[in-house]
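J.: Would you be able to build a 3D model of this:
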Amino acid sequence: MTIFDTDRSGTIGFAEFAGLWKYIKDWQNVFKHFDRDRSGSIDGKELHDALAQFGYNLSPHLLVLVQKKYAGTTPAGHGAAPPGISFDRFVRACVVVKQLSESFGRLDTDRDGWIQINYDQFMETVLGLP
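T.: Predicted coordinates:
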């Protein structure tokens with residue numbers, strides 16, 4: 001929410017709320033676009049397609065980790081969410097992949113896909129994320 005509090009007042013005014021609302025609607029459209037089977041959740045193939053279109057070509061192993069981390073944990077049964085990643089978790093997963101990738105990119109100064117950092121640098125990078 002703090003990214004929409006542009007005047008840093010600690011509250012969201014009408015104009016700031018309008019920005020937040022547009023952000024949410026834009027993400028809803030992205031979600032609907034990639035939820036091709038209209039299940040109400042994003043499965044592994046849909047997640048791969050979304051991240052690839054955003055420019056993030058994660059390995060199959062990393063895709064499985066993202067799925068496990070962001071998939072719903074509601075037990076099956078009446079009223080249970082469909083398997084896969086729900087809208088809010090999809091947004092969070094995409095934002096985290098973007099933030100981690102950008103943080104890595106800042107450290108990968110020669111753009112070869114490899115970095116060497118110490119523990120403090122790693123912790124500073126991860127803890128510096130919103």
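J.: residues in contact with the residue most central in space within the chain?
T.: By CA atoms, centre = their mean, the chain has its centre lying nearest to residue 94, at 2.0 Å. Listed by CB atoms under 8 Å, 6 or more residues apart in numbering, the contact set of residue 94 reads 50-51, 54. No exception for glycine: its C-beta is placed from N, CA and C like everyone else's.
J.: and which of those residues is nearest residue 111?
T.: residue 54 (18.6 Å; CB to CB).
J.: and the closest one, backbone torsions?
T.: With angles defined as degrees, to the nearest 10, residue 54 sits at phi -80, psi -10.
J.: That one and residue 125, how far apart?
T.: Distance, residue 54 to residue 125, using CB to CB, to the nearest Å: 21 Å.
J.: So what's the residue count around residue 44?
T.: 15 (other CB atoms under 10 Å).
J.: nearest residue to it other than its sequence neighbours?
T.: Distances taken as CB to CB, 6 or more residues apart in numbering put residue 67 closest to residue 44, at 5.6 Å, once the chain neighbours are dropped.
J.: State whether that neighbour and residue 48 are indeed in contact, as I suppose.
T.: No. Applying CB atoms under 8 Å, one finds residue 67 not in contact with residue 48, separated by 9.6 Å.
J.: out of residue 54 and residue 125, which sits in the busier spot?
T.: Comparing residue 54 with residue 125 by other CB under 10 Å, the one with more neighbours is residue 125, at 17 against 13.
J.: quick one: secondary structure of that one?
T.: helix (DSSP: H, G, I helix; E, B strand; the rest coil).
J.: which stretches of this protein form helices?
T.: 14-34, 44-53, 60-70, 87-107, 119-127 (DSSP state H).
J.: Next one: residue 25 from residue 45, what distance?
T.: Taking CB to CB as the measure, residue 25 falls 25 Å from residue 45.
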